[in-house]
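# below are the sequence and a predicted model for it; my questions follow.
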Amino acid sequence: MAQKEPINVCVTGAAGQIAYSLLPLICRGNVFGEDQPVNLHLLDITPMMGTVNGVIMELSDCAFELVNKIVATDDPMVAFKDCDAAMLVGAMPRREGMLRKDLLEKNAGIFKVQGAALDKVAKKTVRVVVVGNPANTNALVTSEFAPSIPKSQFTALTHLDQSRARAMVAERAGVNTSQVKNVIIWGNHSSTQYPDVEHAVIVSADGARTSVKKAVGDEAWLHGDFIKAVQTRGAAVIKARKLSSAMSAAKAVADHMHVWWHGTKEGEFTSMGVMTDGSKYGINAGIVFSMPVTIKDGVISVVEGLEISDFSRDKMRATEHELQQERETALKIVQ
Ligand SMILES: NC(=O)c1ccc[n+]([C@@H]2O[C@H](COP(=O)([O-])OP(=O)(O)OC[C@H]3O[C@@H](n4cnc5c(N)ncnc54)[C@H](O)[C@@H]3O)[C@@H](O)[C@H]2O)c1
Ligand SMILES: O=C(O)CC[C@H](O)C(=O)O
């Protein structure tokens with residue numbers, strides 16, 4: 001069988017923690033497929049290039065068969081050249097005691113520069129996932145500065161929140177995580193996000209579907225401690241590790257891009273931050289808001305027509321409000 005042409009995959013923040021767990025997943029074929037060769041474009045800032053070279057030495061020592069070429073650079077114009085996929089990880093993580101606002105001030109500028117570079121040199125079909133926090137608003141900034149690339153190509157990572165929610169539900173219901181489907185993350189990758197199980201199901205080995213509500217049988221938990229635990233899980237990891245989540249974040253980035261590349265399964269949806277156009281679930285236009293989506297042939301479509309309870313509506317409003325405020329602050333910073 002003829003070998004596939006390599007695709008160009010950029011990972012920013014290549015010297016950092018998340019990249020260290022993410023790169024092996026890409027190189028083993030866990031993201032783009034086990035038959036898909038990759039040219040890796042690794043971007044970091046100038047002082048980190050020594051570390052990036054060490055990472056490249058290790059990648060070489062792994063002898064990954066799918067790696068065709070590796071380019072290491074501190075120049076976004078080189079990193080994004082002809083890119084098919086861009087994983088924008090590089091940004092400062094929050095440490096204990098830091099506020100979200102502090103991160104916006106520190107990181108928004110990075111995404112202005114990278115958006116402008118993507119605009120000039122990446123393929124117009126490039127699939128971008130923004131991981132660096134605040135991920136939703138950084139995705140918005142990236143897209144603002146890349147006007148020649150369709151807004152549909154910019155997404156923010158909320159897959160980690162989805163995985164956290166599925167794992168918590170699975171544990172509570174006494175089932176395997178793989179059985180928990182269609183949990184939705186609405187809104188911001190922050191403590192206002194709304195992990196919604198009102199449409200979620202547990203699928204048994206014979207294909208029977210039971211609502212999560214029924215399987216868990218504890219609405220007070222689902223409406224209370226469960227939501228809080230998902231919303232604050234990132235902070236809990238920082239408190240315990242004294243470092244931001246990295247292994248789980250890398251797995252989530254890989255899963256996010258894998259589903260974008262290969263599509264969602266029949267009857268299933270996944271959540272990601274997408275640019276709003278004002279026509280879905282009453283959420284205002286112009287923010288990157290996590291929604292349930294299906295994906296076919298690389299095209300992301302928001303799942304429409306889900307019934308939204310008053311409880312859900314209130315939670316969605318709160319996270320929408322936070323994103324609108326972040327948007328205002330960010331656009332002032334990068335103007
Ligand atoms: N969305 C999510 O679910 C999620 C989950 C975990 C972490 N994060 C975020 O991901 C980001 C990275 O986390 P980490 O633990 O890998 O951090 P890290 O500090 O270990 O690594 C970040 C890397 O980015 C690099 N960097 C900084 N500015 C850059 C620029 N302009 N261009 C390219 N690279 C640059 C740094 O030099 C560093 O090597 C943080 O903002 C963190 O908060 C998001
Ligand atoms: O900074 C935070 O509170 C969260 C860090 C990271 O995004 C995560 O979800 O683990």
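Yep, that arrived. Ligands and ions are numbered 1, 2, ... in the order given.
# mind listing the helices for this structure?
17-27, 49-62, 76-79, 100-121, 135-144, 159-173, 212-216, 219-223, 225-231, 233-241, 247-262, 310-334 (DSSP state H).
# hey, least reliable of those by pLDDT?
Comparing mean pLDDT over the helices of the chain, the weakest stretch is helix 100-121, at a mean of 93.
# residues in contact with Trp260?
By CB atoms under 8 Å, 6 or more residues apart in numbering, the residues touching Trp260 are 127, 129, 155, 272, 295, 298, 300. Where C-beta positions appear, they are placed from N, C-alpha and C, glycine not excepted.
# enumerate the beta-bridge partners assigned to the fourth one.
Right, the one you point to is Met272. Met291 (DSSP bridges).
# next, give phi and psi for Phe80.
Per-residue torsions, Phe80: phi -90, psi 0 (degrees, to the nearest 10).
# coming back round to it: the helices of the chain into a markdown table, with extra columns for distance to ligand 1?
A markdown table is the format used below for the helices of the chain (distance: least, CB to the nearest ligand atom, whole Å):
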| stretch | distance to ligand 1 |
| --- | --- |
| helix 17-27 | 4 |
| helix 49-62 | 7 |
| helix 76-79 | 7 |
| helix 100-121 | 4 |
| helix 135-144 | 4 |
| helix 159-173 | 4 |
| helix 212-216 | 22 |
| helix 219-223 | 22 |
| helix 225-231 | 12 |
| helix 233-241 | 6 |
| helix 247-262 | 4 |
| helix 310-334 | 13 |
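# just the ones you listed: most buried one?
Highest mean neighbour count of the helices of the chain: helix 135-144, a mean of 28 (counted as mean count of other CB atoms under 10 Å).
# what parts of the stretch 1-150 of the chain come near ligand 2?
Residues of the stretch 1-150 of the chain lying near ligand 2 by CB under 6 Å from any ligand atom: 94, 133.
# where does the stretch 1-150 of the chain get nearest to ligand 1, residue-wise?
Gly16 (2.0 Å; CB to the nearest ligand atom).
# picking that back up, which of the contacts of Trp260 are buried?
Among the contacts of Trp260, those classed as buried by neighbour count (16 or more other CB atoms under 10 Å) are 127, 129, 155, 272, 295, 300.
# just the closest of those residues to ligand 2, please.
Nearest to ligand 2 among the buried ones among the contacts of Trp260, counting by CB to the nearest ligand atom, is Val129 at 13.4 Å.
# partners of that closest one in the sheet?
Met87, Thr155.
# test my guess that it contacts Leu160.
No: applying CB atoms under 8 Å, one finds Val129 not in contact with Leu160, separated by 11.4 Å.
# quick one: contacts of stretch 165-179?
163, 180, 183, 185, 195, 197, 200, 202-204, 212, 215-216, 218, 221, 226, 229-230.
# quick one: is it near ligand 2?
No: figure legend: stretch 165-179 not in contact with ligand 2 (CB under 6 Å from any ligand atom); closest approach 12.1 Å.
# end to end, how far does that stretch reach?
End-to-end span of stretch 165-179 (CA to CA, to the nearest Å): 13 Å.
# cool, and stretch 165-181?
Start-to-end, stretch 165-181 (CA to CA) is 10 Å.
# what of stretch 269-288?
Using CA to CA, the end-to-end distance of stretch 269-288 comes to 18 Å.
# again with stretch 173-184
So stretch 173-184: terminal residues 17 Å apart, CA to CA.
# now that stretch: buried residues?
Neighbour counts over stretch 173-184 (16+ other CB under 10 Å) mark 173, 175, 179-184 as buried.
# count of neighbours near Gly273?
Look at Gly273: counted by other CB atoms under 10 Å, it has 32 neighbours.
# separation between it and Leu243?
The spacing between Gly273 and Leu243, counted by CB to CB, to the nearest Å, is 23 Å.
# hmm, Thr155 and Val130 touching each other?
Yes: Val130 lies in contact with Thr155 (CB under 8 Å); the separation is 7.1 Å.
# quick one on the thing from earlier: closest one of the contacts of Trp260 to ligand 1?
Val129 (8.9 Å).
# can you tell me the residue of the chain closest to ligand 2?
The chain approaches ligand 2 most closely through Gly234 (2.5 Å), counting by CB to the nearest ligand atom.
# against Asp196, how distant is that residue?
18 Å.
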